[in-house]
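Participant: Predicted model follows, preceded by the sequence.
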Amino acid sequence: MIGAAGEDTKDRYLPSVDRLETAMRLGRAALDSDRVDEALDRFNVALKLKPEYDGAWVARGHALRRLDQPEQALESFARAVRINRESEEGWTGLATVLHDLRRHREEAEALGELLKARPRSVPTWVHKGAVLHELKDFHGALACYDAALAIQPEHAPAWNNRGAALLRLRDEDRAAACFSEALHLDPDYFDAMVNRIRMLQKRGLHGETVIWADRALRLREAGWLWYVKGLAHLGLLESTQALKSFERALELNPNLDEARGAARKAKALREKVDLYRGAYECFGTHAAGDPGCGECTILDRCREVSP
């Protein structure tokens, strides 16, 4: 007995590996079962046994984040990476909480540290690029996406995000090529469709905007997307189709005041003109020399509304 007679000495012995492993095992089981307070207690026991155990600090951080205590979670993850600079889970947790707190510059730094340990992690390169994009460092974001694509050229999200960065850098042609590559790799990639739609809308290519909005809406309905589709129909002088789009936008989002105003414009336009495309999805996309245009029964109208 190390202590004097009658002294409680149970906390003065070196920690039992069994006790430490049991505390961590029970803590993880409690966390998996959504018994978060119990999990936190278990991880605190583990840290009392071994204060410099980075894995316990990481686990404690996850529990605190689940309890909506981000500042304390941040301290736990920070302690973990001070103990072990190569703790991938520690840097990941730290970056996640910094994101929650909207401390994006520090989040980017944490992801940079994570990339030192995992330099070929494509998701981490893409994540860091997205954070730099949020910080308006579009050149830095582009470099991250290029690094990701050098490792995995078929990664559709990296192509999409690269296109978004190029758009911010006013390089629309290269951005369009990126969105095309993303959709080639994943034809149902909603975010890439949305980026293409916004670019087509900005260019005034109403016919193509309608085509891609229809495709995106088959994947996911959104009031703003129906509104964009309606604007494109207005540009094509399709008053009835525009009105239907605006009405659906308002069904999904009654607070979309722009759609309400646009619906009034569509009703007024319908008093003057209301073109109908029939079966021709390509209406409004006419270009000289397009195959099949010579036989089209609405070619003259299509020319009227094509750019």
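Facilitator: Received it, and whenever you're ready, just let me know what you need. The model shown is predicted, which means the values in this text are computed figures rather than measured ones.
Participant: hang on, isn't Lys77 packed against Val58?
Facilitator: Lys isn't right for residue 77; it's Phe. Yes - using C-beta atoms under 8 Å, Phe77 is in contact with Val58, at 6.6 Å. Heads up, the C-betas are built off the backbone N, CA and C, glycines and all.
Participant: Comparing these two, which shows the higher neighbour count?
Facilitator: Just comparing Phe77 and Val58: by other C-beta atoms under 10 Å the higher neighbour count belongs to Phe77, 29 against 26.
Participant: how close does the more buried one sit to Asn253?
Facilitator: To Asn253, Phe77 is 38 Å away according to C-beta to C-beta, to the nearest Å.
Participant: Can you pull out the low-pLDDT segments for the stretch 1-150 of the chain?
Facilitator: 1-15 (pLDDT under 70).
Participant: Do a quick rundown of the helices in it.
Facilitator: 17-32, 36-49, 54-66, 70-83, 88-100, 104-117, 122-134, 138-151 (DSSP state H, counting those that start in this stretch).
Participant: Can you give the distance of the last one from its chain's centre?
Facilitator: Remark: helix 138-151 is offset 16 Å from the chain centroid, using C-alpha atoms, centre = their mean, to the nearest Å.
Participant: Tell me which residues of it come out buried.
Facilitator: Phe138, Gly140, Ala141, Leu142, Ala143, Cys144, Tyr145, Ala147, Ala148, Leu149 (16 or more other C-beta atoms under 10 Å).
Participant: I'd like these as JSON lines, with distance to Leu166 appended.
Facilitator: JSON lines is the format used below for the buried residues of helix 138-151 (distance: C-beta to C-beta, whole Å):
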{"residue": "Phe138", "distance to Leu166": "8"}
{"residue": "Gly140", "distance to Leu166": "13"}
{"residue": "Ala141", "distance to Leu166": "10"}
{"residue": "Leu142", "distance to Leu166": "7"}
{"residue": "Ala143", "distance to Leu166": "12"}
{"residue": "Cys144", "distance to Leu166": "13"}
{"residue": "Tyr145", "distance to Leu166": "9"}
{"residue": "Ala147", "distance to Leu166": "16"}
{"residue": "Ala148", "distance to Leu166": "15"}
{"residue": "Leu149", "distance to Leu166": "13"}
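Participant: Pro51: which of the residues you listed is nearest?
Facilitator: For the buried residues of helix 138-151, the closest approach to Pro51 (C-beta to C-beta) belongs to Cys144, at 36.0 Å.
Participant: Thought Val122 was touching the closest one, still the case?
Facilitator: No - contact between Cys144 and Val122 fails when scored by C-beta under 8 Å: they sit 10.2 Å apart.
Participant: Next, work out how far apart Gly55 and Leu98 are.
Facilitator: For Gly55 relative to Leu98 (C-beta to C-beta), the value is 20 Å.
Participant: Between those two, point out the one with more neighbours.
Facilitator: Set Gly55 next to Leu98 and count neighbours by other C-beta under 10 Å: Leu98 wins out with 23 against 18.
Participant: residues in contact with that one?
Facilitator: Leu98 makes contacts with Leu74, His104, Glu106, Glu107, Ala110, as judged by C-beta atoms under 8 Å, 6 or more residues apart in numbering.
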